[in-house]
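In: Need coordinates for the below:
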Amino acid sequence: MKSVLIRTDASVAMGIGHVMRCLTVAELLRDHGCEVTFMMGQLPGNLIEFVKAKGFLVVQKIQPADVCIIDHYGIDEAWERSIRAEVKKIVVIDDLANRRHDCDVLIDQNMVPNFESRYDSLVPDHCQRVLGSTYLIMREEFIRERQSIRVRDGQVGNLLIFMGGSDPTNETMKVLDALVGSKFSKVDVVVGASNVRKQEIEVMCADAGYAFHCQIDYLASLMGKADFSIGAGGSTTWERCYVGLPSSSTVVADNQLIATETAAGLGAVWNLGWHEEVTVDTYKELIQSLRVKQYEWKRMSKRGIKLTESSRLNPWIDYILELME
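Out: Just a heads-up that it's a prediction; the model follows:
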């Protein structure tokens, strides 16, 4: 049995996107007969117990492996070189293109300007580069939702709010304040376990009659039922596109800026801008516009689906499996 070590982290500060993405990778590799172990730090807001509940061993020190997969903004070629004696091959999942890597495969699922060449000077010549939105790392729930995707007419009755797992800039509460006085058929509010305000948000949702969801594994289903989503940048932008859900994105971290601007330029998302400049009034204006921009939301839905088309499901996994042959 081939062994895979996944190095990633979650915390109150960095959010949970890396770990959730790595769980998708881990589950698919396990389905292909691999033994997968996670290496994670014991940080405030970590998801170690959540990963264990999914059936994976979690360690804090490097372990020998056939392949080490790294999804971590704090790691570069120095650490990657230091583990070469313990692991046979290295795969890096990145979207920043801001540091050098010593890896055999690099995966970046984002569609950004010069995405095909921006790693040229950052990885070894032998490194296979797996780049662009045709290589989205998609959980099974999203694939099922895509297969039964509905045609949206642009009317907004059901609203989904998900500002990322930890929501460090408190966008969720801004949106809830902006929603006061608005009427929708249903409002679903999703938070992660690492959101430090989740209990307060739950109380606000109960008072307003909104459905509250914490650390769920059915986000794709909620996206499929929603007519519009108020969200953050990052990987969930492409998940929303994948299931044809028109949405807004608030940029809550530096690494989200380019991808969000690119997606907006392609007509796949409504970019509200940098979080410090996005106020309750900004969200109020967006909410008021939802019922009058039906054509725009309908067009956005179609554009997102088109941008995330691929000839097969999760083709990036082939590059990892080939390393172990």
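In: Chain neighbours aside, what residue packs nearest to residue 257?
Out: residue 251 (5.3 Å; Cβ to Cβ, 6 or more residues apart in numbering). Where you see a C-beta, it was placed from the backbone N, CA and C, and this is true even at glycine.
In: Report pLDDT for that neighbour.
Out: pLDDT for residue 251: 96.
In: so who does it touch?
Out: Going by Cβ atoms under 8 Å, 6 or more residues apart in numbering, residue 251 touches 232, 233, 257, 260, 271, 272, 273, 274, 275.
In: Would you convert those residues into JSON lines that also reports neighbour count, pLDDT and secondary structure?
Out: Listed next are those as JSON lines, based on neighbours: other Cβ atoms under 10 Å; pLDDT from 0 to 100; DSSP: H, G, I helix; E, B strand; the rest coil:
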{"residue": "232", "neighbour count": "28", "pLDDT": "95", "secondary structure": "strand"}
{"residue": "233", "neighbour count": "27", "pLDDT": "92", "secondary structure": "coil"}
{"residue": "257", "neighbour count": "16", "pLDDT": "90", "secondary structure": "helix"}
{"residue": "260", "neighbour count": "27", "pLDDT": "93", "secondary structure": "helix"}
{"residue": "271", "neighbour count": "18", "pLDDT": "98", "secondary structure": "strand"}
{"residue": "272", "neighbour count": "24", "pLDDT": "98", "secondary structure": "strand"}
{"residue": "273", "neighbour count": "16", "pLDDT": "97", "secondary structure": "strand"}
{"residue": "274", "neighbour count": "17", "pLDDT": "97", "secondary structure": "strand"}
{"residue": "275", "neighbour count": "22", "pLDDT": "97", "secondary structure": "helix"}
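In: which of the residues you listed lies closest to residue 173?
Out: Residue 173 lies nearest to residue 275 out of the contacts of residue 251, by Cβ to Cβ, at 12.3 Å.
In: ok, now how distant is residue 196 from residue 165?
Out: 11 Å (Cβ to Cβ, to the nearest Å).
In: Between these two, which is the more surrounded one?
Out: Neighbour comparison, residue 196 and residue 165: the larger count goes to residue 165, with 28 against 14 (by other Cβ atoms under 10 Å).
In: I'd say the more buried one and residue 16 touch.
Out: Yes: Residue 165 is within contact range of residue 16, at 3.3 Å (criterion: Cβ atoms under 8 Å).
In: Right, I'll call it a day here.
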